[in-house]
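In: After the sequence you'll find the predicted model.
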2 protein chains.
Amino acid sequence: MKIDLFFTPNEVKEEELNNQAVLVIDVLRASTTIAYAFHNGCKDIIPTSSMDTAIELSRKIGRDAALLCGEREGRKIEGFDLGNSPFEYEAEKIKDKTMIFATTNGSKAIVKGSVGLSLAVGSFVNFQTVADYLNSNSNDLSIVCSGKLDQFSIEDAVCGGLYIDALAKKGVRQLNDAAYAALRLYQVYKDDLLGMLRKSSHGRYLIELGFEKDLLLCSEVNSLQILPLMNDGRLVRAL
Amino acid sequence: MKIDLFFTPNEVKEEELNNQAVLVIDVLRASTTIAYAFHNGCKDIIPTSSMDTAIELSRKIGRDAALLCGEREGRKIEGFDLGNSPFEYEAEKIKDKTMIFATTNGSKAIVKGSVGLSLAVGSFVNFQTVADYLNSNSNDLSIVCSGKLDQFSIEDAVCGGLYIDALAKKGVRQLNDAAYAALRLYQVYKDDLLGMLRKSSHGRYLIELGFEKDLLLCSEVNSLQILPLMNDGRLVRAL
């Protein structure tokens, strides 16, 4: 097994994802929020590459048929049902519902990654469940970090390194430079993930916006057992 | 002083370079080769964003007026005078000459970075001279790593971390996520820079092409005292 990691979706050349399993990571907060949405019973999630695509899709399938979810600059988009904080995705609001999901970085990365053979969404909170799935899969793996506005985010790199650390024990043959770097960064920060989130550029911004408690939630490794997989343009809960 | 680092030129938004000092790094091999070219007496270097631009410029100013230098996929471009190995830039070939320089990653990064207030080209070999210049400069700094085909390169990140390590001792106020990560990666690899180069994706490729001795040369911290600075579209030796 070969693992390539990309620090931003822009670094990914789509042809490189052919015949690859894909793991998309957006720790703060899309991939954590997706895990919590499935934990609280949502039916499926349609990721979109832009706010406009999400609104158009909502018009097409009807506003009652799906919740409109997403953020710009960390805040809920005006007129949308939910933002991008995992705390908003409570069972009473989302149980058995379809969600159209438009976040600045994560949902765009998912759409880009969906050309791969398979696509899983990973975070710290559902690490072991997703890692077990990737381990059972013999395909080469591409890890797409969502980053922030096509720039590097430390939290996605460190989380990618956690997955590589687990998979490397199972006979990985080759890592690209970014995968090596992510593994090293995970080793540097693994004993203080919350501290790393607090110090990260996006973490500091979320604290300013009043989302400090989101950081604690997002830093909790293996708090959920959820495997979100892409299936025909929609994320579903496979485990 | 604030330091932002970018792992690839693509991550840089040009407006972010306004009012910034810029340091461009391409350890393997453009920024090392540039330091050796000045060490061996070349007059100035005109970096270009593409092979075609270099050829066009060469036609315009006359083939005798400037050497045509550069590589594609690590090899000298057919019809060019020199490739991108520092060993090719011997005094008898380049003394007092102008060089038009078209490499895949480094010269493109230099052209992109040249919208900044100032632009220096740094590598391991001329570290202290460039770091002293940056230290004497009170502007915020953007470090642009050249990467490889718009993807992350570990050697440029580690070299960026070396500069940040030196500047951080002089009261840097703020680092972006990538600058933090580069600093950490430097701390991981600082005792074995040559080993890091040998293991890097581009290093392995250069070894395959027969350029193994270039790696040793590129890993030698402070072997030269050279300060290449951009001046009106040309790199000149300022020290």
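Out: Done, it's in. What you see is a predicted model; the values in this text were computed from it and never measured.
In: helices or strands next to the helix or strand harbouring residue A:38 in the packing?
Out: Assessed by DSSP states H and E, residue A:38 sits inside helix A:30-39. Here helix A:30-39 touches strand A:44-47, strand A:98-102, helix A:106-113, strand A:118-122, helix A:212-218, strand A:228-231, going by 3 or more Cβ pairs under 8 Å, 6 or more residues apart in numbering or on different chains; DSSP states H and E. In short, each C-beta sits where N, CA and C put it, glycine included.
In: average model confidence for the helix or strand following the last one?
Out: Pointing back at strand A:228-231 there. Downstream of strand A:228-231, the first helix or strand assigned by DSSP H and E is strand A:234-237. Across strand A:234-237, pLDDT averages out at 98.
In: export strand A:234-237 as CSV, just CAs?
Out: In CSV, the C-alpha atoms belonging to strand A:234-237 read as follows (Å, rounded to 0.1, in the frame of the first residue of the first chain):
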residue,chain,number,x,y,z
ARG,A,234,-24.2,11.2,-1.0
LEU,A,235,-22.4,10.4,2.2
VAL,A,236,-24.0,7.6,4.1
ARG,A,237,-23.3,5.9,7.4
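In: counting contacts, what elements does that strand pack onto?
Out: strand A:44-47, strand A:228-231.
In: Now the helices and strands packed on helix A:30-39 in CSV, please, with extra columns for distance to residue B:160.
Out: Below are the helices and strands packed on helix A:30-39 laid out as CSV (distance: least, Cβ to Cβ, whole Å):
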stretch, distance to residue B:160
strand A:44-47, 33
strand A:98-102, 34
helix A:106-113, 24
strand A:118-122, 28
helix A:212-218, 27
strand A:228-231, 35
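In: would you turn those into a markdown table with distance to residue A:13, mean neighbour count and mean pLDDT?
Out: Below are the helices and strands packed on helix A:30-39 laid out as a markdown table (distance: least, Cβ to Cβ, whole Å; neighbours: other Cβ atoms under 10 Å in any protein chain shown; pLDDT from 0 to 100):
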| stretch | distance to residue A:13 | mean neighbour count | mean pLDDT |
| --- | --- | --- | --- |
| strand A:44-47 | 20 | 25 | 98 |
| strand A:98-102 | 24 | 24 | 96 |
| helix A:106-113 | 10 | 27 | 95 |
| strand A:118-122 | 17 | 27 | 98 |
| helix A:212-218 | 29 | 19 | 98 |
| strand A:228-231 | 19 | 19 | 98 |
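In: hey, what's the residue lying closest to residue A:82 once chain neighbours are set aside bridged with?
Out: Distances taken as Cβ to Cβ, 6 or more residues apart in numbering or on different chains place residue A:69 nearest to residue A:82, at 4.3 Å, with adjacent residues excluded. In this entry, residue A:69 is beta-bridged to residue A:82, residue A:101, by DSSP bridges.
In: and if you look at residue A:231?
Out: residue A:234.
In: what's the answer for residue A:6, then?
Out: As assigned using DSSP bridges, the partners bridged with residue A:6 are residue A:144.
In: who are the neighbours in contact with it?
Out: Residue A:6 sits next to A:12, A:142, A:143, A:144, A:145, A:178, B:151, B:152 when contact means Cβ atoms under 8 Å, 6 or more residues apart in numbering or on different chains.
In: Next: residue A:115.
Out: A:14, A:17, A:18.
In: Please name the nearest non-neighbouring residue to the residue nearest the centre of chain A.
Out: Centroid-nearest residue in chain A, with Cα atoms, centre = their mean: residue A:31, separated by 2.8 Å. Nearest non-adjacent residue to residue A:31, counting by Cβ to Cβ, 6+ apart: residue A:123, 4.0 Å away.
In: got it, and residue A:131?
Out: Residue A:131 sits nearest to residue A:166 (Cβ to Cβ, 6+ apart), 4.5 Å away.
In: Please report how far the closest residue to residue A:213 other than its chain neighbours lies from residue A:218.
Out: The shortest distance from residue A:213 to any non-neighbouring residue, by Cβ to Cβ, 6+ apart, is to residue A:87 (7.2 Å). The gap separating residue A:87 from residue A:218 is 11 Å, by Cβ to Cβ, to the nearest Å.
In: for residue A:154, same thing?
Out: According to Cβ to Cβ, residue A:154 stands 13 Å off from residue A:218.
In: Over to residue A:145?
Out: Counting by Cβ to Cβ - residue A:145 and residue A:218 are separated by 14 Å.
In: Sort out which residues of the longest helix along chain A are buried, please.
Out: Longest helix in chain A by number of residues, with DSSP state H as the criterion: helix A:154-168. Neighbour counts using 16 or more other Cβ atoms under 10 Å in any protein chain shown place A:154-164, A:166-167 of helix A:154-168 among the buried residues.
In: Residues in contact with the helix or strand just after it: which ones?
Out: Next along the chain after helix A:154-168, taking DSSP H and E as the criterion, comes strand A:174-175. Applying Cβ under 8 Å, 6+ apart, the contact partners of strand A:174-175 are A:2, A:3, A:4, A:5, A:164, A:168, A:183.
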